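>>> build me a model from this:
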Amino acid sequence: MSAYYYQDADGHNGVQYQQQQYNGGYPQQYPVDDYMVPEEEWEREAVLDPAWERQQKKTFTAWCNSHLRKVGTSIENIEEDFQNGLKLMLLLEVISNEQLIKPDRGRMRFHKIANVNKALDFITSKGVKLMVGAEEIVDGNLKMTLGMIWTIILRFAIQDISVEEMSAKEGLLLWCQRKTAPYKNVNVQNFHISFKDGLAFCALIHRHRPDLLDYSKLTKDDPLGNLNLAFDIAEKHLDIPKMLDAEEINNSIKADEKVVMTYVSSYYHAFSTTQKAEQAASRICKVLSVNQENEQMMAEYERLASDLLEWIRKKKPWLENRATDNTLHGTQAKLGEFRDYCRSQKPPRLSQKAKLETDFNTLQTRLRLSNRPAFTPTEGKLIVNIVDAWKDLELAEKGFEDWLLRELRRLERLDHLAKKFQHKCNIHEEWSYGKIDLLTSSDFKRCSLNDLRALSRKHLAFESDLAAHQDRVEQIAAIAQELNVLGYDQIVMVNQRCQRICNEWDQLGDLTHKRRIALTDAERIVERIDTLFLEYAKKASPYVNWLDGAREDLVDMFFIHTLDEIRGLIEAHHQFKATLGEADAEYKNIIRLVTEARQTCQENGLEFVSNPYSNIKPEELSAKWNDVQALVPQRDQDLETEFIKQQQNERFRVQFAQKANVVGPWLERQHEQLQQLTVQVVGTLEQHQKKLENMEHTVLQYRPHIDELEKYNQQIQECMIFENRHTPYTMEVIRVAWEQLTTHLTRQIAEIKNQIYTLEKKGIGEEQMNEFRATFAHFDKSRTRRLDSKEFRACLIACGYNIREDRQGDVDFQRIMANVDPTQTGFVTFESFLDFMTRECSEEDNVDQLTLAFKTLAGDQPFITAEALKRELPIEQAEWCLRRMKPYVGPGAIPGAYDYKIFSATLYGESDL
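Residues are numbered from 1 along each chain as shown. Now for the predicted structure:
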């Protein structure tokens, strides 16, 4: 279909009529209105649809008369009355409020063409390039005349309409959609079919002037009545002429979009005064939205703080509990629970703590930037309370782990000592069995002289044996004493057994002394001593004692932790094996004595009797010697096994150290890099945020190295390895460094986001923000991100503040310090400095602006009604206001009136919201 077409002065195509498609809801937005899309060829001679031509002629005539009547004239035939150009120039003067060039008053054709050209030149001067000539208007070309009038309507009535930065047509359509959205049976999607039943016109009138019609009584089944009702009310009460014919609109398949837009634009201009109310409502919605979001953040902070503090309260007694079942297995199980706490339970809570700090700082920043009072959590839930509780938790955690490791060492030592105690007691009791009966015997009274002498020598050998066992008894007592000191759980049984052995040992000493006296008294009757038996007894007893000691050493358990200790044991064992040659010679010498005694008896025809001086049989001696020889290879194997175990432990140490020596320096470098990024910001805040987020991504990708180190640490602890000389780093040091790095990163990213939010909220430019940061950094010599009072004063002077060096200057500076340092710490942080400078350099919402917005909605009344709030605000925010507003009790109060002044002051003052 042909179109009315114009170009603006810059060469861009202008108005074109085309049918626009919608997908439901609001119209699709394009960079340029589809009715403004240019046509490459303009069909001048194309025939306009007769129905549309008739509608346009009537509508455009009525529109022109609505303006011409202001100067006391009108037109009847649009294609004829503009031929001489006089009324056309008059129309342009009325709608533009500008004076045109004086028209020619002649009646000749060239006079008419001149006047029309003056009118067209004026339109062109407004940035529109017309594709119509003056001759066509003078000749009464209806199509071109209608096209010219449509161009004038677009330029002076529709083009200036703008809703949310949309173009004219889309803005006018969006305005209709918003105003008619609450009304039943109205769905404005275009400027033809959507207005056909008349309900859309009635809804626009009722939305702005509900006193003119009762919309609830209208029905979709009476389109003609709806159209006539709307047209009559608009003409009578809104001074909008009846530009459309109700029957034509109702009977046409699709009304001409231009005529409907022209008529609807008259509604828009008639109701344009309500635009102020919409802007006021928008401002109020914005303020209320900020308060609602802040309330949600406060509630979320309280919930997270309560949850974290409750978790800390439950975990702290567990970490402070120092009670175990006093068994190695139970303590190892408790260590496993602690490892699960460090890996699985604590990290999510650490993230929750970091989120609390970030949310708190973000909330305070939002409150400062929106001129709201600072948020004060309920008692006990301040950030400092959470930090103190977390420090107490980590202190208890550190003490708990140290105690567990000490307890493991103690229980392992206890287990070793208990087994050693039992072993030595068994050996001693085996040796002492029957000794008391022997010492209390009176057999020497019934013995012959030889037997008596033999008993005397035998007792002498026993005394030597008793003295040799003194060391073992002392060892048993020492082990029992150490078990008492270390708190062995079965110490009662140990003490009873030790006491029994000590009492028996004292009794043996007393009985030995008494028997020696008795034998000495009888020794005068002893005359002969068998030299060989005596020498055998002297040699066999200490030799057997040496064999018992050697056997005890060979089966003795060892408790070591390093390669050096096992090497020492192996070296001692090699030294022992070097003495076996001498021991074998001594063994043969002792056996030789017995052999010679037996041979002597045989040579002299005597009956060979047992050695009267010793109870040690040659067979027993041989058995013990063979037993010692058999234990030597077993000892070699045990030492080799332990040596392999210690080598494995050393590999675990080296494995952990190699990984820790890589992870530790890496964490230190990351801390240094983060410190540099914290101190110096290069580039824009968004670029700095990107650097921090990239670093956070890199750090999180490094997490598997930490987990691998945790696995190595678990191997070390399971192998009871408590020291590592290959690295200065412990797992605790690595954990703390990792947690500090991730927490500091999260905090820095949140701080940069807050600064970006400050830029957006305060309208501060990036260059000015960098100037603030550079000035602060210049005076922050210690790089602590805070200034003392002297440094801050110098910084303000550098920023252009005139602070005099007199008493008045001191008063002015103290007033500023009270603002940026309300807690009187004596220092000004970068965040406080930035907040102060942005407040000084930007304009913000305040209570006066909010009060003025409510006053606009209330129609300059000192109060506002629920009906006005619900009409202009979204229902949710209107209800939110009504719940918090107090009734108005001032002059002129009416039922249902609310005091918006007190409400506005509450939002910007001390609030319990």
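>>> need the next SSE after the least confident helix or strand in the chain by mean pLDDT, C-terminal direction.
When each helix and strand of the chain is scored by mean pLDDT, DSSP states H and E, strand 6-8 comes last, with a mean of 37. Going down the chain from strand 6-8, the next helix or strand is helix 50-68, by DSSP states H and E.
>>> quick one: contacts of that following helix?
The contact list for helix 50-68 (CB atoms under 8 Å, 6 or more residues apart in numbering) reads 48, 74-76, 78-79, 87, 90-91, 94-95, 142-143, 146, 149-150, 153, 157, 240-245, 248-249, 252, 255-256, 258-259, 262-263, 266. From N, CA and C alone the C-beta is placed, and that goes for glycine too.
>>> other SSEs contacting the next helix or strand after it?
Moving toward the C-terminus from helix 50-68, the next helix or strand (DSSP H and E) is helix 78-81. With contacts taken as 3 or more CB pairs under 8 Å, 6 or more residues apart in numbering; DSSP states H and E, helix 78-81 sits against helix 50-68, helix 142-153.
>>> of those, which approaches Leu563 most closely?
Across the helices and strands packed on helix 78-81, Leu563 has its closest neighbour in helix 142-153 (100.1 Å, CB to CB).
>>> straight-line length of stretch 252-261, end to end?
Start to finish, the residues bounding stretch 252-261 are 16 Å apart (CA to CA, to the nearest Å).
>>> so for that stretch, what gets flagged as buried?
Neighbour counts over stretch 252-261 (16 or more other CB atoms under 10 Å) mark 252, 255-261 as buried.
>>> now that stretch, how far from the centre of its chain.
Put simply, stretch 252-261 sits 58 Å off its chain's centre (CA atoms, centre = their mean, to the nearest Å).
>>> need the residues that contact it.
Contacts with stretch 252-261, where a contact means CB under 8 Å, 6+ apart, come from 4, 17, 19, 35, 49, 51-52, 55-56, 58-60, 150, 153, 158, 169, 172, 190-193, 195-196, 243-244, 248-249.
>>> point out where the stretch 651-800 of the chain drops to low pLDDT.
Along the stretch 651-800 of the chain, the model assigns pLDDT under 70 to residues 679-682, 759-766.
>>> which residues of it fall in helices?
All helices of the stretch 651-800 of the chain, identified by DSSP state H, counting those that start in this stretch, fall at 685-701, 703-718, 731-762, 766-779, 789-798.
>>> show me what counts as buried in the fourth one.
Counting neighbours by 16+ other CB under 10 Å, one finds that the buried residues in helix 766-779 are 768-769, 772-773, 775-777, 779.
>>> now for it, which elements pack on it?
By 3+ CB pairs under 8 Å, 6+ apart, helix 766-779 packs against helix 731-762, helix 789-798, helix 830-841.
>>> now which of the contacts of stretch 252-261 would you call buried?
By 16+ other CB under 10 Å, those give 4, 17, 35, 52, 55-56, 58-60, 150, 153, 158, 169, 172, 190-192, 195-196, 243-244, 248-249 as buried.
>>> burial count for Ile894?
9 (other CB atoms under 10 Å).
>>> doesn't Tyr488 belong to a strand?
No - counting by DSSP: H, G, I helix; E, B strand; the rest coil, Tyr488 is not part of a strand but coil.
>>> I figured it hits Cys498, correct?
No - counting by CB atoms under 8 Å, Tyr488 stays clear of Cys498, with 11.7 Å between them.
>>> which residues touch Ser74?
With CB under 8 Å, 6+ apart, Ser74 has these contacts: 64-65, 68.
>>> correction: the previous question concerned Tyr543.
Contacts of Tyr543 by CB under 8 Å, 6+ apart are 586-587, 590, 621.
>>> what about Leu593, distance to Ile616?
12 Å (CB to CB, to the nearest Å).
>>> what's the answer for Tyr341, then?
Counting by CB to CB, the gap from Tyr341 to Ile616 is 61 Å.
>>> ok, back up a step: dump the helices and strands packed on helix 766-779 to TSV, plus mean neighbour count and distance to Gln714.
As requested, those are exported to TSV (neighbours: other CB atoms under 10 Å; distance: least, CB to CB, whole Å):
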stretch	mean neighbour count	distance to Gln714
helix 731-762	18	9
helix 789-798	17	50
helix 830-841	19	42
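>>> need the ones you listed in CSV with distance to Gln634, can you?
Putting those into CSV (distance: least, CB to CB, whole Å) gives the following:
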stretch, distance to Gln634
helix 731-762, 38
helix 789-798, 77
helix 830-841, 73
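>>> nearest to Leu534 among the ones you listed would be which one?
Closest approach to Leu534 among the helices and strands packed on helix 766-779 (CB to CB): helix 731-762, 66.8 Å.
>>> show me what that closest one is packed against.
Counting contacts by 3+ CB pairs under 8 Å, 6+ apart, helix 731-762 packs against helix 346-369, helix 618-679, helix 685-701, helix 703-718, helix 766-779, helix 830-841.
>>> columns distance to Arg807 on top of the ones you listed, output as JSON lines?
As requested, the helices and strands packed on helix 731-762 are exported to JSON lines (distance: least, CB to CB, whole Å):
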{"stretch": "helix 346-369", "distance to Arg807": "31"}
{"stretch": "helix 618-679", "distance to Arg807": "37"}
{"stretch": "helix 685-701", "distance to Arg807": "40"}
{"stretch": "helix 703-718", "distance to Arg807": "59"}
{"stretch": "helix 766-779", "distance to Arg807": "24"}
{"stretch": "helix 830-841", "distance to Arg807": "23"}
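>>> which one of those lies nearest to Arg786?
Proximity to Arg786 (CB to CB) singles out helix 830-841 among the helices and strands packed on helix 731-762, at 7.1 Å.
>>> could you check the angle helix 346-369 makes with the closest one?
Counting by axes from the mean of the first three to the mean of the last three CA atoms, to 10 degrees, helix 830-841 lies at 20 degrees to helix 346-369.
>>> now stretch 625-632: mean pLDDT?
In this model, stretch 625-632 has a mean pLDDT of 84.
>>> what residues does it touch?
Residues from elsewhere that reach stretch 625-632 (CB under 8 Å, 6+ apart): 547, 550-551, 554-555, 577, 580, 583, 587.
>>> my guess is Phe652 contacts Tyr712. True?
Yes - between Phe652 and Tyr712 there is a contact at 7.0 Å, judged by CB under 8 Å.
>>> keeping just the C-alphas, turn stretch 497-504 into CSV.
C-alpha atoms of stretch 497-504 as CSV (Å, rounded to 0.1, in the frame of the first residue of the first chain):
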residue,chain,number,x,y,z
ARG,A,497,51.9,-56.3,91.1
CYS,A,498,54.8,-53.9,91.5
GLN,A,499,54.2,-53.8,95.3
ARG,A,500,54.0,-57.5,95.5
ILE,A,501,57.3,-57.9,93.6
CYS,A,502,59.0,-55.2,95.8
ASN,A,503,57.7,-56.8,99.0
GLU,A,504,58.9,-60.2,97.8
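>>> buried set for that stretch?
Buried positions in stretch 497-504, judged by neighbour count with 16+ other CB under 10 Å: 497-498, 501, 504.
>>> turn the residues you listed into TSV, including distance to Asp810.
Listed next are these as TSV, based on distance: CB to CB, whole Å:
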residue	distance to Asp810
Arg497	84
Cys498	81
Ile501	87
Glu504	92
